[in-house]
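**Student:** Structure for the following, please:
(chains A and B)
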Amino acid sequence: KQEVTQIPAALSVPEGENLVLNCSFTDSAIYNLQWFRQDPGKGLTSLLLIQSSQREQTSGRLNASLDKSSGRSTLYIAASQPGDSATYLCAVIGPNAGGTSYGKLTFGQGTILTVHP
Amino acid sequence: DTEVTQTPKHLVMGMTNKKSLKCEQHMGHRAMYWYKQKAKKPPELMFVYSYEKLSINESVPSRFSPECPNSSLLNLHLHALQPEDSALYLCASSQDSDKGVSYGQYFGPGTRLTVT
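**Tutor:** Modelled structure (predicted):
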């Protein structure tokens, strides 16, 4: 059974710092990995999608890396801003229990990020 | 249009009521999903529809009944819910859900459901 772990569970930083969020998964048989952002009481916003054959993806101040063989991904946020405060979720997509793929996302517990001015 | 919409935003219902949640996407995605999210927890998959057919039911109680009238619409019919069913219900869609899929999922804003 796939398990996804995110470290740290919570992070508080001053504005302007560069920071790294970590995600690990137990089963390397994934199709891709997706990072999401969730504001309180809101839906999930997709930040970056990394295919299993890729090593990293970049979007603006965000960079996500994937090391499939070691079961790890990191999300790097450059020059953090108060508006980055949210919960960040890592999720992997892989085969379901029947061995076929139905896009079953397995989520980590999330990292709660607070960026203070 | 890269949006998944959900209605209503908030819903309060009694345990004897029947209500429905609605989800719509116009991205041409052929897979649609219902997730349930409790406070401070990640979303939990409930149902997956692939090409308008139910592909996965994650052992969800029968008081939740999904329906996919067409490729753009997904409904979740609610009946005789319990207070512990109160949660944020999220709809998502993706480009495909066949084996080897490598497309991400895109979520709507959710419906906040309170069962009294």
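**Student:** Now chain B against chain A: closest residue?
**Tutor:** residue B:42 (3.5 Å; Cβ to the nearest Cβ). The way it works is simple: take the backbone N, C-alpha and C, and place the C-beta from them, glycine included.
**Student:** mind listing what that residue touches?
**Tutor:** In this structure, residue B:42 makes contact with A:89, A:91, A:107-110, judged by Cβ atoms under 8 Å, 6 or more residues apart in numbering or on different chains.
**Student:** change it to 6 Å
**Tutor:** Residues near residue B:42 by Cβ atoms under 6 Å, 6 or more residues apart in numbering or on different chains: A:89, A:107.
**Student:** Quick one: low-confidence residue ranges for the chain.
**Tutor:** The chain I'm using is chain A. A:96-103 (pLDDT under 70).
**Student:** looking at chain B here, not the other one
**Tutor:** Ranges of chain B meeting pLDDT under 70: B:1-2, B:96-102.
**Student:** from chain A, which residue is nearest to chain B?
**Tutor:** Taking Cβ to the nearest Cβ, chain A has residue A:107 as its residue nearest chain B, at 3.5 Å.
**Student:** Bridging across strands, which residues link to the residue nearest the centre of chain B?
**Tutor:** By Cα atoms, centre = their mean, chain B has its centre lying nearest to residue B:34, at 2.6 Å. Beta-bridge partners recorded for residue B:34 (DSSP bridges): residue B:47, residue B:91.
**Student:** mind listing what residue A:109 touches?
**Tutor:** When contacts are counted by Cβ under 6 Å, 6+ apart, residue A:109 touches residue A:6.
**Student:** For it, give me phi and psi.
**Tutor:** Backbone torsions of residue A:109, given as degrees, to the nearest 10, read phi -80, psi -10.
**Student:** Ok, residue A:83 next?
**Tutor:** Dihedral angles (degrees, to the nearest 10) for residue A:83: phi -70, psi -10.
**Student:** Next: the one 3 residues further on.
**Tutor:** Geometry field for residue A:86 lists phi and psi as phi 180, psi 180, criterion degrees, to the nearest 10.
**Student:** for residue B:39, same thing?
**Tutor:** phi -60, psi 130.
**Student:** That one and residue B:88, how far apart?
**Tutor:** Note on residue B:39: its distance to residue B:88, by Cβ to Cβ, to the nearest Å, is 8 Å.
**Student:** Same drill for these two, tell me which one is more crowded.
**Tutor:** residue B:88 (20 against 9; other Cβ atoms under 10 Å in any protein chain shown).
**Student:** List the contacts of the more buried one.
**Tutor:** Contacts of residue B:88 (Cβ under 6 Å, 6+ apart): B:37, B:110, B:112.
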